[in-house]
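> fold the following, please.
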Amino acid sequence: MVFSLVMFLLGFYFAQLYHEEKIKIVEKRVEVPVYITKYTSNSTTLNLLAVDNDGKGVIVPLKVEVKPGSGKVLANIDNLLFWVDTQHSLQLARDLAANITHRDPKSFDVIYTLESNASIVGGPSAGAAFTIATVAALRNITLNNSVLITGTINENGSIGQVGGVLEKAEAAKRAGAKLLLVPEGQATEIKLVPEEKCIRKPGFIFCETTYKRKEVNISEKIGIEVKEVSNIYEALKYFFGE
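Residues are numbered from 1 along each chain as shown. Next comes the predicted model:
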């Protein structure tokens, strides 16, 4: 009887040691990302691509700051009421970034600041860039500034098509970027090239203008590497090795 009791106690003791050691092994495998805490705030910057009223591609500096809060999405942008689509993109960017970094979106506030030429960033075309910058701010990671992106953002993280990719590529090249990420199917652009044919007859000239579709390879034309990405998770890899 005593021998059985001793054996039982020894078995229980070694079982506890094994259990504790197993917990330690599991804990070693856990990777804890760098997130903001209740004592800190983080910020990051990223250049947005846009097309101005003259049809020229331009760079608009964006700053994103995250700090402890209650889930507010704030915009330090003039004439924000003019852009309903932009407001929606900011909200989507915050929600997606929170999901990607496993954060409760109600645990922090985000402040988006467009530092110049803000009025030309209307519409949803900067949605992907907003999301990238928010993820970087939440993880306190510096973005690779040689990479730029254009594209809308959807709730499932997919990146949608935008206009003016050729003009934006020109702006990216002028800014010194080495790589431009674009939505699927937009590494080439279709341009309508006018062709005029004239017929001369006694007393008058009859001219007719037709337009021919021409496919332009943006990378070859502008001299910047262009890659297509279908979703935000693919894009993250180019900005900080996600």
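
> neighbours of P124, how many?
22 (other Cβ atoms under 10 Å). Every residue, glycine included, has its C-beta placed from N, CA and C.

> quick one, what contacts it?
D85, T86, H88, S89, T152, I153, G160 (Cβ atoms under 8 Å, 6 or more residues apart in numbering).

> apply 10 Å and report the result again.
If a contact means Cβ atoms under 10 Å, 6 or more residues apart in numbering, then P124 has 83-90, 92, 130, 151-154, 160, 162 as its contacts.

> out of these, which one sits closest to L74?
Closest approach between the contacts of P124 and L74, by Cβ to Cβ: L90, at 9.0 Å.

> how about I100, what does it touch?
For I100, the contact set (Cβ under 10 Å, 6+ apart) comprises T131, T134, V135, L138, R139, G157, I232, Y233, L236, E242.

> by mean pLDDT, flag the weakest helix or strand of the protein.
Least confident element among the helices and strands of the chain, by mean pLDDT, DSSP states H and E: helix 2-28 (a mean of 42).

> tell me the first helix or strand C-terminal of it.
The helix or strand immediately downstream of helix 2-28 is strand 42-51, counting by DSSP states H and E.

> what pLDDT, on average, does that following strand get?
Mean pLDDT, strand 42-51: 92.

> okay, now the sheet partners of it, with direction.
Partners of strand 42-51 in the sheet, by DSSP bridges, are strand 57-68 (antiparallel).

> following the strand it pairs with, which helix or strand comes up?
Scanning onward from strand 57-68 (DSSP H and E), the first element met is strand 73-76.

> other SSEs contacting that next one?
Packing partners of strand 73-76 (3 or more Cβ pairs under 10 Å, 6 or more residues apart in numbering; DSSP states H and E): strand 57-68, helix 84-100, strand 108-114.

> in JSON lines, list those along with mean pLDDT and distance to T44.
Output for these, formatted as JSON lines (pLDDT from 0 to 100; distance: least, Cβ to Cβ, whole Å):
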{"stretch": "strand 57-68", "mean pLDDT": "93", "distance to T44": "6"}
{"stretch": "helix 84-100", "mean pLDDT": "90", "distance to T44": "11"}
{"stretch": "strand 108-114", "mean pLDDT": "92", "distance to T44": "11"}
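
> so which of those gets nearest A171?
Closest approach to A171 among those is made by strand 57-68 (3.3 Å; Cβ to Cβ).

> in the closest one, what counts as buried?
Neighbour counts over strand 57-68 (16 or more other Cβ atoms under 10 Å) mark G57, V58, I59, V60, L62, K63, V64, E65, V66, K67 as buried.

> what's the angle from that strand to helix 84-100?
On the basis of axes from the mean of the first three to the mean of the last three Cα atoms, to 10 degrees, strand 57-68 is oriented at 50 degrees to helix 84-100.

> any idea of the angle strand 57-68 forms with strand 108-114?
Between strand 57-68 and strand 108-114, the angle comes out at 160 degrees (the same axes, to 10 degrees).

> about what we covered before: list only buried entries from the contacts of I100.
Neighbour counting over the contacts of I100 (16+ other Cβ under 10 Å) leaves T131, T134, V135, L138, R139, G157, I232, L236 as the buried ones.
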